[in-house]
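Trainee: After the sequence you'll find the predicted model.
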Number of protein chains: 2
Amino acid sequence: MATPKPQTPVVDIHTHMYPPEYISMLSSRASIPLVRTFPSSPDPRLVLLEAEVPALEKATGSGDANAPGTILPGRPLTRHFTSLSQKISFMDTHNISISVLSLANPWLDFLPANEAVSIARSINASFEEMCGAHPGRLYFFASLPLTSPLEAILSFITTALPSFRHCRGIILGTSGLGSGLDDPAMLPMFAALADANLPVFLHPHYGLPNSVFGKADYGHVLPLALGFPMETTIAVARMYLAGVFDAVPGLRMILAHSGGTLPFLAGRIESCLLHDAKFAGAVREQGDRRRTVWDVLREQVYLDAVVYSEVGLKAAIEASGGGKEGAARLMFGTDHPFFPPLGGPKGAEDGEWESVRLNADAVGRALGEGSEEAEMVMGGNAVRVLRLYEE
Amino acid sequence: MATPKPQTPVVDIHTHMYPPEYISMLSSRASIPLVRTFPSSPDPRLVLLEAEVPALEKATGSGDANAPGTILPGRPLTRHFTSLSQKISFMDTHNISISVLSLANPWLDFLPANEAVSIARSINASFEEMCGAHPGRLYFFASLPLTSPLEAILSFITTALPSFRHCRGIILGTSGLGSGLDDPAMLPMFAALADANLPVFLHPHYGLPNSVFGKADYGHVLPLALGFPMETTIAVARMYLAGVFDAVPGLRMILAHSGGTLPFLAGRIESCLLHDAKFAGAVREQGDRRRTVWDVLREQVYLDAVVYSEVGLKAAIEASGGGKEGAARLMFGTDHPFFPPLGGPKGAEDGEWESVRLNADAVGRALGEGSEEAEMVMGGNAVRVLRLYEE
């Protein structure tokens, strides 16, 4: 009789929470991001996106918000966003052994400079406490006080983060210190994170300007389906062109939503470099010594597996080197608590989420249900890359 | 001895020209698109993109344009952009049997309404004349007088286009009548094109607002490598959400640059639809009767094979149905005369272009050099879909 193969744990590396102090802060704000309550909604509403502002103004300005059938701005802030027991229950429902939690967007990007460090300390401490309460099941990506002076951020990385035993990286938006991740002022931060062996989970929030999506009302589909992945792609391409990956060879990035669109567009980026007056000379001169976008994808970048299709997942694996090498760079995620089941019976949120199934099915289809590569993507890679066996 | 297999012709469906009257028009303009000459440049410069305006202002304002090493705005308008014999020579160099020419961006999007029809007539007549001069080797996608009143556009489709014997479709930007391709006013145009059995070659030009690319100078890389494909993706997603593909079942689109990023993001678009308050109810109610983005990719959309990587091309084929079914929807293109060899010896433009090789190699690698599927993508599909055997 064959010994049963020890099961590789299923790890969710893309899963968010808003601790209570974060919600109170959002409730007191006058501009997005903010939280508002409406008489017609059982849960408070979380309004994050520029694209949601017109609906917010309509709902708060006219009293229409109470009319039946009115679409309220943002999304309902259910207990899935705030409750740790709900997170654990979600994990159990979906057979997720370990979750690597992160604060959901827009993190601390909007804090006044003089409060950022203390709030960051308190919010990361909340995450640390949650992880401590469920040994072996929870780790987290920390949030940085990015509106603080650079010295304070660097000191936060080198002194505060090591005190959080369950911190396994940081989550970062594309704004960075306010001018994007290609801002040379970011380099010391990236170097400090590389030195601390903390990967950067790059996550979109700002999307694209509303104007590109036209005037028709398609709900949140375009900003979320297209704006988010395009934002991520632009951010990481700017980092590449600025030479960040060369300047900080130890930097490791985990790109949300399978890199946005980077796997599909990497070839076009390389061709545009080769055919651009500004870069072509250096590209030819450097020849094989140049680290291409493909090299960065194979050596410094990991991708989550949150792409909702077999087509996308296969492209992500191929772009990461293909075969077992490529499969070793993908990590399963759920994007919980976003994309809950809608329009189903009451209580459907406590059952299986289709958004989770779509991503898990894509792994099974792309790599073969239960194959070694599928198990790597579903958890093995996260355990190895994020050292989930150490406390 | 086996009979040698008759060679399928190589067809280039993505190849542009600017006829002389178009260049004169651009030379007389004060804002982009425009053509300018500079003493330090042997060729006039073509300035198309919003992102090139700062360099244009610098070069025309300061006299710096003559300083050695100054990067001039736009790109040199070589004879590759304007000369038919150069096009034929380019085809011969790259073993291309047939080219389906199109006016390069921004087409006629900017013409005064009262001149648009006559200019469109004259420019399309130029293309017809070029095709007539090389029987069996040239066809073209016509340009529409989109700034004219809708009635004039419809009449142009039904009466002018049939007079051009080599016209095999139209080329269209994402602006349409000025408000995007999801504008309900576009529907009669799409219907007329479907009735005339003329596919729409959708091509980007407007990119994304400069602000998203940050302040650093990366030449044209970001607007071309990312802005262009993202523009195409947004345009076709807006058409899909507006129900255009359902409303005009006979509409056939050929998407430039392998659909921009649509193959990679189709899964995310579907998931966002399923999880959006505005759409979720209808999506569930329609169930299997709903035509998904995948259905549109398999039934109404063709993709060119201008994606510069095996990874991208495989994803494009998979998204189009996979296997032989998917391979039947991809069509080789070069994007000539854009992306010429740079930084090589004088005369390199007359040799083999690396931008062409990158795309041809991707087809060979993705489908097997000389395989039936590769031959379909390299030419067989274009012959079938665009009826290149009829005159």
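Mentor: Right, received. Where do you want to start?
Trainee: Every contact and neighbour count from this point should use C-alpha atoms.
Mentor: Noted.
Trainee: so does the worst-scoring helix or strand of chain A on mean pLDDT get close to chain B?
Mentor: Counting by mean pLDDT, DSSP states H and E, the weakest-scoring helix or strand in chain A turns out to be helix A:53-62, with a mean of 82. No: counting by C-alpha under 8 Å from any C-alpha of the partner chain, chain B is not contacted by helix A:53-62; separation bottoms out at 12.4 Å.
Trainee: What's the first helix or strand after that helix?
Mentor: Counting by DSSP states H and E, the element after helix A:53-62 in chain order, helix or strand, is strand A:75-76.
Trainee: Give me the packing partners of the helix or strand just after that following strand, helices and strands only.
Mentor: Downstream of strand A:75-76, the next assigned helix or strand under DSSP H and E is helix A:79-82. The elements that helix A:79-82 packs onto, with contact taken as 3 or more C-alpha pairs under 8 Å, 6 or more residues apart in numbering or on different chains; DSSP states H and E, are strand A:11-17, helix A:84-93.
Trainee: Let me see the contact set for residue A:187.
Mentor: A:244, A:247-248 (C-alpha atoms under 8 Å, 6 or more residues apart in numbering or on different chains).
Trainee: Within the helices and strands, which one has it?
Mentor: helix A:187-195.
Trainee: What residues sit buried inside the least confident helix or strand of chain A?
Mentor: A:53, A:55-56, A:59 (16 or more other C-alpha atoms under 10 Å in any protein chain shown).
Trainee: So which residues on the stretch 51-200 of chain A come close to chain B?
Mentor: A:71, A:179-180, A:182.
Trainee: Just confirm residue A:100 is within a strand.
Mentor: Yes: counting by DSSP: H, G, I helix; E, B strand; the rest coil, residue A:100 is found in a strand.
Trainee: still on that earlier bit, mean neighbour count added to the helices and strands packed on helix A:79-82, as a markdown table?
Mentor: Formatted as a markdown table, the helices and strands packed on helix A:79-82 follow (neighbours: other C-alpha atoms under 10 Å in any protein chain shown):
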| stretch | mean neighbour count |
| --- | --- |
| strand A:11-17 | 25 |
| helix A:84-93 | 17 |
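Trainee: Nearest residue to the middle of chain A?
Mentor: Nearest to the mean C-alpha position of chain A, by C-alpha atoms, centre = their mean, lies residue A:203 at 3.7 Å.
Trainee: residues contacting it?
Mentor: By C-alpha under 8 Å, 6+ apart, residue A:203 lies in contact with A:105, A:171-174, A:232, A:255-256.
Trainee: how about 10 Å then?
Mentor: Shown in contact with residue A:203 (C-alpha atoms under 10 Å, 6 or more residues apart in numbering or on different chains): A:14, A:104-106, A:171-174, A:228-229, A:231-232, A:235, A:254-257, A:259-260.
Trainee: which ones among those are found in strands?
Mentor: Counting by DSSP state E, those place A:14, A:171-172, A:254-255 in strands.
Trainee: And those, which two are furthest apart?
Mentor: With C-alpha to C-alpha as the measure, no two of these lie farther apart than A:14 and A:172, at 12.6 Å.
Trainee: So for those two, which residues contact both of them?
Mentor: By C-alpha under 10 Å, 6+ apart, the residues touching both residue A:14 and residue A:172 are A:102, A:141, A:201, A:203.
Trainee: got CSV for the residues you listed, with secondary structure too?
Mentor: Formatted as CSV, these follow (three-state DSSP):
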residue, secondary structure
A:102, strand
A:141, strand
A:201, strand
A:203, coil
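Trainee: returning to what we had before: so for the helix holding residue A:187, what gets flagged as buried?
Mentor: Applying 16+ other C-alpha under 10 Å to helix A:187-195 flags A:187, A:189-194 as buried.
Trainee: cool, stretch A:317-337 as well?
Mentor: A:317-322, A:324, A:326-337.
Trainee: Of those residues, which ones also sit close to chain B?
Mentor: A:317-322 (C-alpha under 10 Å from any C-alpha of the partner chain).
Trainee: Which ones among the residues you listed lie within helices?
Mentor: Judged by DSSP state H, those include A:317-319 as members of helices.
Trainee: quick check: angle from the lengthiest helix in chain A to helix A:84-93?
Mentor: Ranked by number of residues, the top helix in chain A under DSSP H is helix A:113-133. Angle between the axes of helix A:113-133 and helix A:84-93 is 50 degrees (criterion: axes from the mean of the first three to the mean of the last three C-alpha atoms, to 10 degrees).
Trainee: Strands of the stretch 251-391 of chain A, start to end?
Mentor: Remark: strands assigned in the stretch 251-391 of chain A by DSSP state E, counting those that start in this stretch are A:253-255, A:301-304, A:330-331.
Trainee: Spit out the contact partners of residue A:150.
Mentor: Residue A:150 sits in contact with A:156, A:177, A:185-186, A:188-189, where contact means C-alpha under 10 Å, 6+ apart.
Trainee: Oops, could you answer that again for residue A:354 instead?
Mentor: A:339-342, A:360, B:271, B:274-275.
Trainee: cutoff 8 Å now
Mentor: A:340-341.
Trainee: cool, and residue A:388?
Mentor: Here residue A:388 is in contact with A:136, A:139, A:382 (criterion: C-alpha under 8 Å, 6+ apart).
Trainee: Can you pick out the ones from those residues that are in helices?
Mentor: residue A:382.
Trainee: Highest neighbour count among the contacts of residue A:388?
Mentor: For the contacts of residue A:388, the largest number of neighbours (other C-alpha atoms under 10 Å in any protein chain shown) sits with residue A:139, at 29 neighbours.
Trainee: Quick check: bridge partners of that residue?
Mentor: Beta-bridge partners for residue A:139, by DSSP bridges, are residue A:100.
Trainee: what separates it from residue A:301, distance-wise?
Mentor: 20 Å (C-alpha to C-alpha, to the nearest Å).
Trainee: do residue A:202 as well
Mentor: 10 Å.
Trainee: ditto for residue A:254
Mentor: 6 Å.
Trainee: For the closest residue to residue A:48 other than its chain neighbours, give me the pLDDT.
Mentor: Spatial nearest neighbour of residue A:48, chain neighbours left out: residue A:33 (4.7 Å); criterion: C-alpha to C-alpha, 6 or more residues apart in numbering or on different chains. You'll see residue A:33 listed with a pLDDT of 92.
Trainee: check contacts around residue A:33.
Mentor: Per C-alpha under 8 Å, 6+ apart, neighbours of residue A:33: A:26, A:46-49, A:106.
Trainee: Nearest residue to residue A:220 in space, ignoring adjacent ones along the chain?
Mentor: In space, residue A:220 is closest to residue B:276, 6.5 Å off (C-alpha to C-alpha, 6+ apart).
Trainee: ok, that neighbour touching residue A:223?
Mentor: No: if you go by C-alpha atoms under 8 Å, residue B:276 and residue A:223 don't touch, sitting 11.5 Å apart.
Trainee: Which one of these two is surrounded by more residues?
Mentor: Using other C-alpha under 10 Å as the criterion, residue B:276 and residue A:223 rank with residue A:223 on top: 27 against 22.
Trainee: Not counting sequence-adjacent ones, nearest residue to the more buried one?
Mentor: Spatial nearest neighbour of residue A:223, excluding adjacent residues (C-alpha to C-alpha, 6+ apart): residue A:207 at 6.1 Å.
Trainee: what are the phi and psi values for the one you found?
Mentor: Per-residue torsions, residue A:207: phi 60, psi -150 (degrees, to the nearest 10).
Trainee: Wait, it touches residue A:222, no?
Mentor: No: using C-alpha under 8 Å, residue A:207 and residue A:222 do not qualify as a contacting pair, with a distance of 9.5 Å.
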